[in-house]
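Chemist: this is the structure alone, sequence omitted:
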């Protein structure tokens, strides 16, 4: 048997290239499934017939051979006739042997051309085949003691051709020595370029086992799709659980029935199948499109369900109402449901006289329940519904009940979103109610229409004593309407009009009406109303001869020095005002000097608020001289007045001799360490009156803190109880010094309470 491998045929007649290697990598890659099988006839007619029959047999089985493996039949011809049995031969026998080998080489060349023809046909067939993978699908076959590499083939014939010519179509028998090429042979076919990978042309011997086919592994695409489906189903289940749909279909959502299958809101089984697909599986989420109204409309949300914990809290509140006279339920998040539930405790309550329902989100329903319960209550006197979203509707319900109420005397409806309609309802109530003495409507949305209605009611009502309408939209015209109503009113003694922008247009008629009233006011608040210095004479004319007004608030207007001078003149003759707030009016030194001169003659004034007026050190000097011996003021507030350290010296000298000031506020005056040290020196003297000293925002550092600490130690029996040095530049050293001073005072005088705020 001839040896395997690449052999080179000796040069001879008609031999133009090396002999084709047996089972080379190039030849094994040229045969693919569905291709044409070419058989090279080497020697012996019977061997050609066997090769043809084998190719036909394997070609017939190509359909079930594993799909897409390379097929080839290579007949390795044993060249036994070409071997020499003896070493010494005659020249004639040597020529005969060389001629025979040359003929075999020509036949091999013809077979090679046939293989090229078959390879082109196979490549053409492979390009049109789908799902056919390249690979080594050859199998080893033994024919007559010789190993034959065989694979499935589509053709059963064997190709033959004459030497040095292109291969003919096919031949079925071994040609004789005298045979010549046929005149009908086809022209040679060019070898098509191959793009097969190196792995597809790998050399494999006929005795080696076929390469292992890739085992079917896990398809990651299928696994990923399954994971996504499971995650989607779990997500929709969680959303349904959180939303509390309870198996009810919602438009544009996903619904799962109790058995895990997708379900709709009242449709049949096929209504829940996605469009274009009538196949479903248990647990498959079903999307109900917005345009399809397959489920009934969702009912409106009912009352909030009261949980067990909330019900327990409500019972505790009801217990408080049965045990205490004053019950604070502010900010308990009752809502309408809680208010309805707790109103049962009001029905026959005979203990609680004051209840605060503020900031509980109570609306019309809750107010209606409270009013229904109050029909049987004869003890409640003060009711607060402030900071609830009552609006006009709930206010109207409450006003209707209060028309016949005979026990409630104080009603707080601040910050309750009450507009003109609600104000009109309350005005109608005031015309007939005879028990309400205080009504607070601050920070609502009452405009001119509601103000006029309330003014008309005040002209009729004679029992209301305190009327608060601050923080609304009264304006100058509304203030004029109120003035007309108050002129006829005989009950109101306290009027709160802060922050209504009444201006000079409203303050003038108001002051005139208040002067003409038979029942004088005791408390008037017209702060933050844009009142200018032109209103100074009208205010002065009102307070000059009034003997009942004790509290006057003119805070945050624009009186300036001129207005302050007019008011100061009136204070000399006024014998009633105890608290005057004139802060934030841009009063300078001259205005402060006029006020200081008035305080020498005024006897009842006890509290003076001058904060946020840049009176400077000059104004501080005038006031210090007054309070030193002549005034009986107990509370002096001069924060942010720019008195600096010089003003601190003047005031420090005054408090050494003053016998009345208990509270001194000097915040934000740029005192520094020097001003603080001056005040500390005055504290070392035995002072039996000063209780509170506020030195915040004064740029005080550790030296000032050390001076205060030393003053506290030197006057352990002093009357000072509170010192505030917050928002300064005191470090830990100053804080430690002040703390040690406080501890020392407590050791020496256990009954004294001293508090220092850093």
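Modeler: Good, I have the coordinates. Just so we're clear, the structure is a prediction, and the values are computed from it rather than from any experiment.

Chemist: tell me where the protein is predicted with low confidence.
Modeler: Low-confidence segments of the chain (pLDDT under 70): 1-91, 118-218, 239-305, 686.

Chemist: top helix in it by residue count?
Modeler: Counting residues, the longest helix found in the chain (DSSP state H) is helix 91-127.

Chemist: how about residue 682, nearest residue that isn't a chain neighbour?
Modeler: Of all residues not flanking residue 682 in the chain, residue 652 sits nearest, at 4.4 Å (CB to CB, 6 or more residues apart in numbering). Where you see a C-beta, it was placed from the backbone N, CA and C, and this is true even at glycine.

Chemist: helix or strand next in line after the helix or strand containing that neighbour, which one?
Modeler: In the assignment (DSSP states H and E), residue 652 maps to helix 644-655. Once the chain leaves helix 644-655, the next helix or strand it forms, by DSSP H and E, is strand 663-665.

Chemist: what pairs with that next one, and is each one parallel or antiparallel?
Modeler: With DSSP bridges as the test, strand 663-665 is paired with strand 635-637 (parallel), strand 692-694 (parallel).

Chemist: in the stretch 301-450 of the chain, which spans are strands?
Modeler: Secondary structure of the stretch 301-450 of the chain (DSSP state E, counting those that start in this stretch): strands located at 326-328, 354-356, 382-384, 410-412, 438-440.

Chemist: any idea how far residue 549 is from residue 522?
Modeler: Distance, residue 522 to residue 549, by CB to CB, to the nearest Å: 6 Å.

Chemist: give me the neighbour count for residue 92.
Modeler: Residues near residue 92, counting by other CB atoms under 10 Å, number 8.

Chemist: same question for the one 4 residues further on.
Modeler: Number of residues near residue 96 (other CB under 10 Å) recorded here: 12.

Chemist: and residue 491, by the same measure?
Modeler: Neighbours of residue 491 under the rule other CB under 10 Å: 15.

Chemist: and if you look at the one 10 residues further on?
Modeler: The number of residues packed near residue 501 is 17, by other CB under 10 Å.

Chemist: that one reaches residue 472, doesn't it?
Modeler: No. Residue 501 is beyond contact range of residue 472, at 9.7 Å (criterion: CB atoms under 8 Å).

Chemist: now name the helix or strand holding residue 756.
Modeler: Under the assignment here (DSSP H and E), residue 756 is part of strand 755-757.

Chemist: mind listing what's buried in that strand?
Modeler: For strand 755-757, the neighbour count (16 or more other CB atoms under 10 Å) marks residue 756 as buried.

Chemist: which strands or helices does that strand pack on?
Modeler: Counting contacts by 3 or more CB pairs under 8 Å, 6 or more residues apart in numbering; DSSP states H and E, strand 755-757 packs against strand 722-724, helix 732-748.

Chemist: contacts only, for residue 616.
Modeler: Taking CB atoms under 8 Å, 6 or more residues apart in numbering, we find residue 616 in contact with 588-589, 641-644, 647.

Chemist: scan those and report the most crowded one.
Modeler: Top of the contacts of residue 616 by neighbour count (other CB under 10 Å): residue 643, with 30 neighbours.

Chemist: look up phi and psi at it.
Modeler: phi -80, psi -20 (degrees, to the nearest 10).

Chemist: my guess is it contacts residue 618. True?
Modeler: No. Look at residue 643 against residue 618 with CB under 8 Å: they stay out of range, at 9.1 Å.

Chemist: now stretch 647-657: buried residues?
Modeler: Buried, per 16+ other CB under 10 Å, within stretch 647-657: 647-655.

Chemist: repeat for stretch 702-716
Modeler: Those would be 702, 704-713, 715, for stretch 702-716 by 16+ other CB under 10 Å.

Chemist: then stretch 477-491?
Modeler: So, applying 16+ other CB under 10 Å, buried residues of stretch 477-491: 478-487, 489.

Chemist: how about those residues in a markdown table, adding secondary structure and distance to residue 228?
Modeler: As requested, the buried residues of stretch 477-491 are exported to a markdown table (DSSP: H, G, I helix; E, B strand; the rest coil; distance: CB to CB, whole Å):
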| residue | secondary structure | distance to residue 228 |
| --- | --- | --- |
| 478 | helix | 67 |
| 479 | helix | 70 |
| 480 | helix | 74 |
| 481 | helix | 71 |
| 482 | helix | 71 |
| 483 | helix | 76 |
| 484 | helix | 77 |
| 485 | helix | 74 |
| 486 | helix | 76 |
| 487 | helix | 80 |
| 489 | coil | 77 |
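
Chemist: from these, which is closest to residue 560?
Modeler: residue 479 (21.3 Å; CB to CB).

Chemist: so what's that closest one closest to, chain neighbours aside?
Modeler: The nearest residue in space to residue 479 (CB to CB, 6+ apart) is residue 506, at 2.8 Å.

Chemist: how close does that neighbour sit to residue 524?
Modeler: Counting by CB to CB - residue 506 and residue 524 are separated by 13 Å.

Chemist: with residue 448 instead?
Modeler: 21 Å.

Chemist: just residue 445 next, same as before
Modeler: Note on residue 445: its distance to residue 524, by CB to CB, is 24 Å.

Chemist: so between those two, which is more surrounded?
Modeler: Ranked by neighbour count (other CB under 10 Å), residue 445 and residue 524 place residue 524 first, with 25 against 17.

Chemist: what is the helix or strand where that one lies packed up against?
Modeler: Assigned by DSSP H and E, residue 524 belongs to strand 523-525. Under the contact criterion of 3+ CB pairs under 8 Å, 6+ apart, strand 523-525 touches strand 494-496, strand 551-553.
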